[in-house]
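> next one to model:
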Amino acid sequence: QVQLVESGGGLVQPGGSLRLSCAASGSIFSINAMGWYRQAPGKERELVATITSGGSTMHADSVKGRFTISRDNAKNTVYLQMNSLKPEDTAVYYCNGVVVTSTHGPGYSYWGQGTQVTVSS
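Next up, the predicted model:
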């Protein structure tokens, strides 16, 4: 099977920075798109950023210019560098990956367990 494990969350003051990591492991042939989502209390899960296997990125308007998604294909790892954090960025951040587990097989969507990010003074 495939597992995605996030790390790097925590408590940070407004204006501060955090770097989230998400490492995929298990029966992986390749990983297509990877992304970060977040869910604040009482709100729906929302897309934060995505990155293709070729490195093309998309960032939500709410984080554009402050957050940067990147990936290391050799390590099956995706990162989210978060700068100039605001209290409204407080949420559980989830990693997602579309993972191909066999040659010519389809890609399946996998989720990490989530990591809490709290921005507060």
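
> number of residues surrounding residue 84?
Number of residues near residue 84 (other CB atoms under 10 Å) recorded here: 13. For glycine as for every other residue, the C-beta is placed from the backbone atoms N, C-alpha and C.

> could you find the closest non-adjacent residue to it?
In space, and not counting its chain neighbours, residue 84 is closest to residue 66: 4.6 Å by CB to CB, 6 or more residues apart in numbering.

> also residue 85?
That would be residue 119: by CB to CB, 6+ apart, it lies 4.6 Å from residue 85.

> equivalent analysis for residue 76, please.
Leaving aside its sequence neighbours, residue 76 sits nearest to residue 24 (CB to CB, 6+ apart; 4.2 Å).

> helices or strands next to whichever helix or strand the one you found is part of in the packing?
Assigning secondary structure by DSSP states H and E places residue 24 in strand 18-26. Applying 3 or more CB pairs under 8 Å, 6 or more residues apart in numbering; DSSP states H and E, one finds that strand 18-26 contacts strand 2-7, strand 30-39, strand 77-82, strand 91-100, strand 115-119.

> what is the neighbour count of residue 100?
By other CB under 10 Å, 18 other residues sit near residue 100.

> kindly apply the preceding question to residue 101 instead.
Residue 101: 16 neighbours (other CB under 10 Å).

> also residue 44?
For residue 44, the count of nearby residues is 7 (other CB under 10 Å).
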